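**Q** Build me a model from this:
(chains A, B, C and D)
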Protein chains: 2
Amino acid sequence: MVTIADVARHAGVAASTVSYVLSGKRSISSDTRDRVQEAVRVLGYRPNASARALASQRSNVLALVIPLRTGMHVPVMMQFATAVVTTARRFDHDVLLLTADEGREGLERVAQSSLVDALVVMDVELHDERVPVLRELSMPSVLIGFPADTDGLTCIDLDFVAAGERCVDHLADLGHRTIALLGTPSAVYERQTGFAQRTLAGFTAAADRRGVLGVETPCEHTFDAVLGTVEQLLRDHPDITGLVVQNEPIIGPLLDVLRRLGRRVPEDMSLMAICADDVAERQVPQLSSVAIPADEIGLQAVESLITKLEGGQVPAMTLLRPQLTPRASTCPAPARH
Amino acid sequence: MVTIADVARHAGVAASTVSYVLSGKRSISSDTRDRVQEAVRVLGYRPNASARALASQRSNVLALVIPLRTGMHVPVMMQFATAVVTTARRFDHDVLLLTADEGREGLERVAQSSLVDALVVMDVELHDERVPVLRELSMPSVLIGFPADTDGLTCIDLDFVAAGERCVDHLADLGHRTIALLGTPSAVYERQTGFAQRTLAGFTAAADRRGVLGVETPCEHTFDAVLGTVEQLLRDHPDITGLVVQNEPIIGPLLDVLRRLGRRVPEDMSLMAICADDVAERQVPQLSSVAIPADEIGLQAVESLITKLEGGQVPAMTLLRPQLTPRASTCPAPARH
DNA sequence: TTGAAAGCGCTAACAT
DNA sequence: ATGTTAGCGCTTTCAA
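**A** Coordinates of the predicted model:
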C-alpha cells in the first residue's frame, strides 16, 4: 500500500505538505505542488479512507435509508437512490445503503459509529419511530417525506396536496363533475405514509372548492383488485367521467380494465396519473400526468445535506411544485345524458 | 463521544481488555467480561468505525455495483440489492452503493482507498471493462453474471442456458411445434450482457434437440413495440402456439396484445415467462414461469465474499438450477389444422 | 487472565 | 511556504 509518507519521500517534502496539496487547505508553491502531484501520479497514491476519516472526523459517506415495504413502487425508489448517489458523488461523497427494516437501531449504529456523516431517510411515515432518533442524533439528516411533527427536521418532498388539487382542477376545467381518486394499496394509507394522505387531502379540498363530486378508494396491485375496484366504483358512481390514479403498478392493468368495461380513454373516461413522466409517456394513450420528480428530490436532499455539513442553513421544509403535463388521456367531459 | 478508553476506565480495566471482550479474540474471566459489558451498556459505547478499520485493516463494508442502464428491469435489481444488504448485515457488514457509470475508476477508488473490503458487481457484460480491474485489484469480488473470460473470477448467476432449455422442453412436452422467444430490448443483446445471450443459446439448442421450430426476437419496452413485434412474429410464423418471454416489463402489455389479437391464453397460445415468481402469479392468467431467484443469488454472492474474506475457498462458478413452475398460461398445443 | 505500548495513515495545530 | 508533531480511536503484539 502506498502511503502519504511514500509520496512525501518521493517528492522530497513533508507528509503534511502532501496532505495540504491534496486538500488545497493552504497555499503551496507551484513547484512543490507539481512535484507532489507527480509523485501521487507515479506511485498511484490513494488516501486511505479510514485514516482520513479518523483524523478529520469526516467519513465522506452519506447513509441512504430505503424502504422495502408493501405498496412501495420500486422504480421510483431506484430513481431516488440513483439521484442521491449521483449527487453525492458530485460532492465527493459515497452512499451507504440501509434498509428501512434496520429501523431506529440501524440509524443509531451508523451514526454513532461515525460510519456516515449524514442521513437521507426515505418514505417517512406520519408517526415514524425513526424521527425521534434523528432529532437526538446531532447528525445532519434530510427526510424525503413529511412526518406529522416536523419540528427541528429538514424535509423535502413533492407537494402532494397541490398535486391532488391540480389533478382535480385539470379535470374540472374540462367539465368533469364526478371524479375518482384511485389510490395506493390500503396498507400504505394505514401506515399513514404522508404522501398518500396528502394527495387525498388535496383531491378532496379541490373537489369541494370546485363543487365537483370527488370519491376515493385505495387499490391493491393485482389485476383482479383493479377490476373489482373499478367495477365497484362505477356501480356506486355511474357518473364518473374522470379518474386520477396514484399507483404506478396498476396503470397498465387499469387501462386494460377500462377497455374491457367498454370505457374508451379519453372519450368516455378521462384519466390522470401521478407518476414518473416516462411511465406516463409509455402508455397507450399517453397519460396526462403530474410528475413525481424523484431526480430533483434526491438531488435537493443531498445538496441540503452537504450544505448542512458545511455549516450552512437550509430551509426546514421544501415542497416541490407539481408539474402537470396534459397528454392524450384527458379531454372535455362527454355531454351529460 | 464515548471512546474505548472511557469504557476501560469505567470498568477498571485496560483498553485492550475492552477490545478483546468485544471481539472475543481471547478468553476473558467472566467477572471482567461482565464489568466491561456493563460499562458498554451504561455509557452507550459504539466503537468508532474508522478507528477500527484503520487498526484492523478491515472496513466491514462491501461495495455493491448496480447498473443503471437501459433495458434493465428495476424490481429485480432492487431484489438483488435487498438480498445483498440483508445478507451483509447478517455478517456484520454494511453495503456501499456504487452505480455502474462510475466504471473502472469507481472500483479502483473504493478498493484502493480501503473504503470497502470486497465487491459485488452486478450486470456483468461479456466483455466488461471492469473485469480486468477486478483481476488486478487483489480484493475479493463476486460477479453476478458471467463475462466471456471468467479466469480468476468468482461468478454466480441463474443458469440461463438451462432456463431457456427448460422453457422449450416444457412447451415441447405439451406438443407445441413452433415457439418463439420474446427477449429483452436489443440494446441488452448489443451490450452482450451474458444472461440474454445464454437464454437464447439454451432456447435454440433445446429447440434443435426437440425438433421444434424456435424463433426469437428482441422487444422494446413500449406497448407499441410489443404490439408490432408480436404482429410481425405471427405474420412470419403463423403456426406459433408457444411463447417464451424474458422481459418483465412487457408481460402486462403482452397479455393485452394477445387479447387484442384474439389469441386466448392458454387455449390458442401458451405463454411462459422467465421472471420473478410474484410477477408470474400476479398476472391473469397466472403464468407458467422459470423463476429468477434474485434473493438466492444475492445471498450466495455475499456468503461467498465473506468466505473469501475469511480466507476460505469458494467455487469459481456457481450456476443456480432454474426452477420451473407450471401455472395457468400453458396447456397442450391446439390440434393442428 | 490481563496490561502496556506501538502502531494503523492521515489531518491540523503549532512552529519556523 | 513548508516542516514537526501530536493526536484521531482502535487492534494486536509483546510482556507479565
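**Q** what about residue A:243, helix or strand, and which?
**A** strand A:242-245 (DSSP states H and E).
**Q** Check which helices and strands that strand sits against.
**A** helix A:160-173, strand A:178-182, helix A:251-260, strand A:270-274 (3 or more C-beta pairs under 8 Å, 6 or more residues apart in numbering or on different chains; DSSP states H and E). From N, CA and C alone the C-beta is placed, and that goes for glycine too.
**Q** out of the ones you listed, deepest packed?
**A** Mean neighbour counts were taken over the helices and strands packed on strand A:242-245 using mean count of other C-beta atoms under 10 Å in any protein chain shown, and the top value, a mean of 27, falls to strand A:270-274.
**Q** Tell me the strands beside that strand, with direction?
**A** strand A:242-245 (parallel), strand A:288-290 (parallel) (DSSP bridges).
**Q** Now render these as a markdown table, adding mean pLDDT and mean neighbour count.
**A** Formatted as a markdown table, the strands paired with strand A:270-274 follow (pLDDT from 0 to 100; neighbours: other C-beta atoms under 10 Å in any protein chain shown):
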| stretch | mean pLDDT | mean neighbour count |
| --- | --- | --- |
| strand A:242-245 | 98 | 26 |
| strand A:288-290 | 98 | 27 |
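**Q** Just the buried residues of the helix or strand of chain A with the lowest mean pLDDT, please?
**A** Ranked by mean pLDDT, DSSP states H and E, the helix or strand of chain A with the weakest confidence is helix A:186-190, at a mean of 81. Residues of helix A:186-190 classed as buried by neighbour count (16 or more other C-beta atoms under 10 Å in any protein chain shown): A:188-189.
**Q** So what's the gap between the helix or strand following it and the chain middle?
**A** Reading on from helix A:186-190 to the C-terminus, the next helix or strand found by DSSP H and E is helix A:194-210. Computed by C-alpha atoms, centre = their mean, to the nearest Å, the chain-centroid distance of helix A:194-210 equals 20 Å.
**Q** Could you pull out the strands in chain A for me?
**A** Counting by DSSP state E, chain A has strands at residues A:61-66, A:94-99, A:118-121, A:141-144, A:155-158, A:178-182, A:213-217, A:242-245, A:270-274, A:288-290, A:317-320, A:324-325.
**Q** can I get the CA coordinates of stretch A:102-118 in PDB?
**A** In PDB, the C-alpha atoms belonging to stretch A:102-118 read as follows (Å, rounded to 0.1, in the frame of the first residue of the first chain):
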ATOM      1  CA  GLU A 102     -33.000  -1.800  10.300                       C
ATOM      2  CA  GLY A 103     -35.200   0.800  12.000                       C
ATOM      3  CA  ARG A 104     -34.000   3.000  14.800                       C
ATOM      4  CA  GLU A 105     -31.100   0.800  15.700                       C
ATOM      5  CA  GLY A 106     -29.700   1.000  12.200                       C
ATOM      6  CA  LEU A 107     -29.700   4.700  12.300                       C
ATOM      7  CA  GLU A 108     -28.000   4.800  15.600                       C
ATOM      8  CA  ARG A 109     -25.500   2.300  14.600                       C
ATOM      9  CA  VAL A 110     -24.200   4.100  11.500                       C
ATOM     10  CA  ALA A 111     -24.400   7.500  13.100                       C
ATOM     11  CA  GLN A 112     -22.800   6.700  16.500                       C
ATOM     12  CA  SER A 113     -20.100   4.700  15.000                       C
ATOM     13  CA  SER A 114     -19.200   7.600  12.700                       C
ATOM     14  CA  LEU A 115     -19.700   5.300   9.700                       C
ATOM     15  CA  VAL A 116     -21.500   8.200   8.000                       C
ATOM     16  CA  ASP A 117     -21.600  11.900   8.200                       C
ATOM     17  CA  ALA A 118     -25.300  12.500   7.400                       C
END
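**Q** anything in that stretch near chain B?
**A** Yes - for stretch A:102-118, a contact with chain B is found by C-beta under 8 Å from any C-beta of the partner chain, at A:102, A:108-110, A:112-115.
**Q** touching DNA strand C at all, that stretch?
**A** No - using C-beta under 7 Å from any atom of the strand, stretch A:102-118 never reaches DNA strand C; the gap is at least 12.8 Å.
**Q** Touching that stretch from outside, list them.
**A** A:53, A:57-63, A:65, A:93, A:96, A:98-99, A:119, A:121, A:129-130, A:133-134, A:137, A:139-142, A:305, A:308-309, B:44, B:46-50, B:61, B:89, B:94 (C-beta atoms under 8 Å, 6 or more residues apart in numbering or on different chains).
**Q** before we move on, back to that, lowest average pLDDT across the helices and strands packed on strand A:242-245?
**A** Ranked by mean pLDDT, these bottom out at helix A:251-260, with a mean of 90.
**Q** relative to helix B:251-260, how tilted is that helix?
**A** 20 degrees (axes from the mean of the first three to the mean of the last three C-alpha atoms, to 10 degrees).
**Q** Give the other helices and strands that helix A:251-260 contacts.
**A** helix A:223-236, strand A:242-245, strand A:270-274, helix B:251-260.
**Q** So for DNA strand D, which of those sits nearest?
**A** strand A:270-274 (46.5 Å; C-beta to the nearest atom of the strand).
**Q** Let me know the angle separating that closest one from helix A:160-173.
**A** 170 degrees.
**Q** got the CA coordinates for strand A:270-274 in CSV?
**A** Extracted C-alpha coordinates of strand A:270-274, given in CSV (Å, rounded to 0.1, in the frame of the first residue of the first chain):
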residue,chain,number,x,y,z
SER,A,270,-60.5,10.9,-18.7
LEU,A,271,-57.5,9.5,-16.9
MET,A,272,-54.8,11.3,-15.0
ALA,A,273,-51.8,9.8,-13.3
ILE,A,274,-49.5,10.9,-10.6
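**Q** Show me the contact partners of that strand.
**A** By C-beta under 8 Å, 6+ apart, strand A:270-274 touches A:160, A:163-164, A:167, A:170-171, A:174, A:176, A:199, A:241-246, A:248, A:251, A:254-255, A:258, A:265, A:279-280, A:287-290, A:292, A:329-331, A:333.
**Q** Check the offset of that strand from the chain's centre.
**A** Per C-alpha atoms, centre = their mean, the centroid offset for strand A:270-274 relative to its chain is 20 Å.
**Q** try stretch A:134-146
**A** With C-alpha atoms, centre = their mean, you get 15 Å for stretch A:134-146.
**Q** ok, residues contacting it?
**A** A:80, A:107-108, A:111-112, A:116-125, A:131, A:151-157, A:193-195, A:198, A:297-298, A:301-302, A:304-305, A:308-309, A:317.
**Q** if you set the cut-off to 7 Å instead, what comes out?
**A** Here stretch A:134-146 makes contact (C-beta atoms under 7 Å, 6 or more residues apart in numbering or on different chains) with A:80, A:107, A:111, A:118-124, A:152-157, A:194-195, A:297, A:301, A:304-305, A:308-309.
**Q** Out of those, which end up buried?
**A** Buried, going by 16+ other C-beta under 10 Å: A:80, A:107, A:111, A:118-124, A:153-157, A:194-195, A:297, A:301, A:304-305, A:308-309, out of these.
**Q** And the pLDDT at residue A:195?
**A** 88.
**Q** Relative to residue A:131, how far out is it?
**A** 16 Å (C-beta to C-beta, to the nearest Å).
**Q** What is the end-to-end distance of stretch A:306-322?
**A** 25 Å (C-alpha to C-alpha, to the nearest Å).
**Q** swap that for stretch A:242-250, please
**A** 16 Å.
**Q** next one: stretch A:121-135
**A** Start-to-end, stretch A:121-135 (C-alpha to C-alpha) is 13 Å.
**Q** and it, average pLDDT?
**A** 93.
**Q** Likewise for stretch A:24-44?
**A** Mean predicted confidence for stretch A:24-44 is 97.
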